[in-house]
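Novice: Provided below are the primary sequence and the corresponding predicted coordinates.
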Number of protein chains: 2
Amino acid sequence: MSKAVTIKDIARTLGLSVSTVGRALADSTQISEETKARVRQAALKQGYVAHSGARAMRSGRSTLIGLLVPDIQNDFYGTVAQALAACCAAAGYQLVLAVTDENPDVELSHVRGLMEARVAGVVIVGSAAPRPETLTLLARIHTVQLIRRIAGLDSAWFGMDDAGCLEVPTAALIALGHRRIAYVGGAKELSTGDRRLGGYQAAFARAGLEIPHDLIRLGPPRAAAAAQMFADLWSHRAARPTAVVTGGARLTVGVLESIADLGLQVPDALSVIGFGDAPWLKWWGTAGLSTVALPVRDIAASCGEYLMRRINENGEGRSADAAPFHAMHAPHLVARSSTAAPPQRD
Amino acid sequence: MSKAVTIKDIARTLGLSVSTVGRALADSTQISEETKARVRQAALKQGYVAHSGARAMRSGRSTLIGLLVPDIQNDFYGTVAQALAACCAAAGYQLVLAVTDENPDVELSHVRGLMEARVAGVVIVGSAAPRPETLTLLARIHTVQLIRRIAGLDSAWFGMDDAGCLEVPTAALIALGHRRIAYVGGAKELSTGDRRLGGYQAAFARAGLEIPHDLIRLGPPRAAAAAQMFADLWSHRAARPTAVVTGGARLTVGVLESIADLGLQVPDALSVIGFGDAPWLKWWGTAGLSTVALPVRDIAASCGEYLMRRINENGEGRSADAAPFHAMHAPHLVARSSTAAPPQRD
DNA sequence: TTGTATGCGTTATCAC
DNA sequence: GTGATAACGCATACAA
């Protein structure tokens, strides 16, 4: 691990000035081809590796992009990261991954870190209630929100039709004859939690039915929390649901966990419609879990492309800084064997 | 997005020198508490954010850690990333995520990028056949290999008992009476592919049985490839297996995909033992997929801790640079309903 | 306890 | 076509 080779070193061995070497490596037109060749060869031979930190410091252009997600284990955010990583790589950027675990303090700490690293931009799936400082920091740089919208953060957003994500499956269950449809969703503090709950309720309203308020459970978007919520729901023997819909990818995992623990027969004892389109969902149980499938990959890709564009057009003066950009992708229902008509009354 | 505040700015407003401000922010003992307080207040008020790039340049200490994985969508590497991210955050480092997609050229390009970013260290799940330059570059910095071992890269390695990972399930199937056990694994060029195949073969050898060479399929560790390999295996009607074991997390996904496409009854038509311990495996089919479960999280955590330690002890002279470190974690079999005795002959 | 000066590796601005 | 020099933001050796 000897000291790294710098432009200066190359300049010395070649009897050239640092500026010439620098320009040669940058392939400047004002350097003779011959010199360029000599420089390149020397650089290769000596194992020169450019110092992007120094470059960024001088030029003000960073190649780092921050990605803040609550979790990276779940397929959902895995897919997000994969798509974004591809975007970054294609545009010559590097992805700095920060896992917030839904914790606003961890989130703030990571945002601070990203600011210190002078990232060129940030993609964030925000926590339920970000610290005020988090917002002021993010306001200083190119920020794009993904999936969730943070109140008070005036930036572009890419996500899905959250209300539709729950109205569709809820309506489908209603059409099958279900009335006691439970909802296990994310807290209202999350934009997704709020809107998805709205979609669930809208389905009842549109059908002219009462909303079964006793069957609604909201909490942190974690599997463990969802498992508990569902177990609690089921513990009220006299007032059990005939179906359940979930309002998030990790919540779905938790509910399935709980259903397995309770040994419930699906769809005989209970119909289920989950959330997301991880490959394994289609293998759940006897012939797959019905789900609301989302174009997560597309959402993340659009988001990444948009951010890259914004970053690049920054210097080029065309500051179409206009209104914050919003893009909404539509979900669709994938009906599988976890859904059926409710047991007949009488 | 006005210009960022620097210590110089703070120094000016406070009528202090830059070094005093710098020391105050670094909480140096040789600065009066009063001055520190004034500086901190001014920094807060003006919205000062340290420039880690400049700091790294001056001090030679980077806070960046590179993580190279073939894929980030799959639970397996998601878990790796999650554990590593936690390690990094705890130690004040930031994780730069690079997805190689098993492509050695993409891998090299990412390694170059990480070198340019002057990362303090790298954790790599190497591709099957890395480019020579990749190795020379990695040799220059703190590198730890994860899961796979790259021939010719002399660095620490953290992984599992790969041979055991296949000997255990294969032996279990043999004990159940299976003889025609298929193996869908990663290419021999991968250290894991080679060793896992070895474990599969060892199980037969130990039982004094012939190895069913016609039932072995090796290929790239991707779901799509595995699906094809299994389909091919099954297409030989006269010589079908009674059981299949897989040699990787993503290969397992592919085989399951293929089994579903072919509409096979498990375990009646075929017994299956998969790889990994993603939560959904226990929900596969009627009562779960049997698997070889691995302490991926532990492996990644050990790996991260080791790397952090190496990086930190770097300056402190105690260069216990001795022999490359190796740590091997043990797998264990989780038997579920996808495994049963083979159909009786006669 | 504080200030001055220097350099980390690069690029940009001059000059030749 | 090439070179000398300054500057990016910070940390540190050396003075005071």
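Specialist: Received it, and whenever you're ready, just let me know what you need.

Novice: doesn't A:D71 make contact with A:V106?
Specialist: No: look at A:V106 against A:D71 with C-beta atoms under 8 Å: they stay out of range, at 11.7 Å. The C-beta positions use only the backbone N, C-alpha and C, and glycine is treated the same way.

Novice: the two: which is more packed in?
Specialist: Set side by side, A:V106 and A:D71 show more neighbours around A:D71, with 21 against 17, by other C-beta atoms under 10 Å in any protein chain shown.

Novice: helix, strand or coil for the more buried one?
Specialist: Of the three states, A:D71 takes coil according to DSSP: H, G, I helix; E, B strand; the rest coil.

Novice: quick check: closest non-adjacent residue to it.
Specialist: Once its chain neighbours are removed from consideration, A:D71 has its nearest residue in A:Y77; the separation is 5.5 Å (C-beta to C-beta, 6 or more residues apart in numbering or on different chains).

Novice: list the contacts of the one you found.
Specialist: Listed by C-beta atoms under 8 Å, 6 or more residues apart in numbering or on different chains, the contact set of A:Y77 reads A:69-71, A:125, B:78.

Novice: just A:M308 next, same as before
Specialist: Each residue near A:M308 by C-beta under 8 Å, 6+ apart is listed here: A:87-88, A:91, A:93.

Novice: recalculate using a threshold of 10 Å.
Specialist: Counting by C-beta atoms under 10 Å, 6 or more residues apart in numbering or on different chains, A:M308 touches A:65, A:87-88, A:90-93, A:120-121, A:142.

Novice: quick check: it is in a helix.
Specialist: Yes: remark: A:M308 belongs to a helix, assigned using three-state DSSP.

Novice: just the buried ones from the contacts of A:M308?
Specialist: A:65, A:87-88, A:91, A:93, A:120-121, A:142 (16 or more other C-beta atoms under 10 Å in any protein chain shown).

Novice: quick one on the thing from earlier: pull the most distant pair out of the contacts of A:M308.
Specialist: Across the contacts of A:M308, the two members that end up farthest from each other (C-beta to C-beta) are A:A90 and A:H142, 17.4 Å apart.

Novice: residues of chain A that sit close to DNA strand D?
Specialist: Counting by C-beta under 7 Å from any atom of the strand, chain A comes close to DNA strand D at A:15-20, A:23, A:30-32, A:34-35, A:54, A:57-58.

Novice: buried subset of these, written for PyMOL?
Specialist: Per 16+ other C-beta under 10 Å, the buried members of the residues of chain A next to DNA strand D correspond to this PyMOL selection:
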select buried, chain A and resi 16+20+23+31+54+57
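
Novice: which of the residues of chain A next to DNA strand D come close to chain B?
Specialist: When C-beta under 10 Å from any C-beta of the partner chain is applied, the members of the residues of chain A next to DNA strand D adjacent to chain B are A:54, A:57.

Novice: now for the residues of chain A next to DNA strand D: which two are most distant?
Specialist: Set against one another by C-beta to C-beta, these have their most distant pair in A:E34 and A:M57, with a gap of 31.0 Å.

Novice: okay, the residue of the stretch 101-250 of chain A found nearest chain B: pLDDT?
Specialist: With distances taken as C-beta to the nearest C-beta, the stretch 101-250 of chain A approaches chain B most closely at A:E116, which sits 4.3 Å away. Model confidence at A:E116, expressed as pLDDT, equals 97.

Novice: got the contact list for the nearest residue to it once chain neighbours are set aside?
Specialist: Distances taken as C-beta to C-beta, 6+ apart place B:S52 nearest to A:E116, at 4.3 Å, with adjacent residues excluded. With contact taken as C-beta under 10 Å, 6+ apart, B:S52 is in contact with A:53, A:113-118, B:59, B:61-64, B:94.

Novice: of those residues, just the buried ones, ChimeraX syntax please.
Specialist: Per 16+ other C-beta under 10 Å, the buried members of the contacts of B:S52 correspond to this ChimeraX selection:
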select /A:53,113,114,115,116,117,118 /B:62,63,64,94
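
Novice: the contacts of B:S52 in strands, which ones?
Specialist: Counted as lying in strands by DSSP state E, out of the contacts of B:S52, are B:64, B:94.

Novice: tell me which two of the contacts of B:S52 sit farthest apart.
Specialist: Pairwise distances across those peak at 19.6 Å for A:L114 and B:S59 (criterion: C-beta to C-beta).

Novice: quick one, domains of chain A?
Specialist: Annotated domains of chain A cover A:7-50, A:64-154+A:296-329, A:162-295 [automatic domain parsing].

Novice: could you dump the ones you listed into CSV and include distance to B:G159?
Specialist: Below are the domains of chain A laid out as CSV (distance: least, C-beta to C-beta, whole Å):
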stretch, distance to B:G159
domain A:7-50, 28
domain A:64-154+A:296-329, 19
domain A:162-295, 25
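
Novice: do you know how far A:I211 is from A:A202?
Specialist: A:I211 sits 10 Å away from A:A202, going by C-beta to C-beta, to the nearest Å.

Novice: what sits against the residue nearest to A:R38 when sequence neighbours are not counted?
Specialist: Counting by C-beta to C-beta, 6+ apart, A:L14 is the residue found nearest to A:R38 once chain neighbours are left out, at 6.2 Å. Neighbouring residues of A:L14 by C-beta under 10 Å, 6+ apart: A:20-21, A:24, A:35, A:38-39, A:41-43.

Novice: switch the cut-off to 7 Å
Specialist: Residues in contact with A:L14 (C-beta atoms under 7 Å, 6 or more residues apart in numbering or on different chains) are A:38-39, A:42.

Novice: then A:T134?
Specialist: If you count contacts by C-beta under 7 Å, 6+ apart, A:T134 has them with A:107-108, A:111.

Novice: the same query, at a cut-off of 10 Å, please.
Specialist: Residues in contact with A:T134, defined by C-beta under 10 Å, 6+ apart, are A:68, A:100, A:104-105, A:107-112, A:124, A:126-127, A:150, A:152-153.

Novice: about what we covered before: of the contacts of A:Y77, just say which sits nearest to DNA strand D.
Specialist: A:V69 (27.4 Å; C-beta to the nearest atom of the strand).
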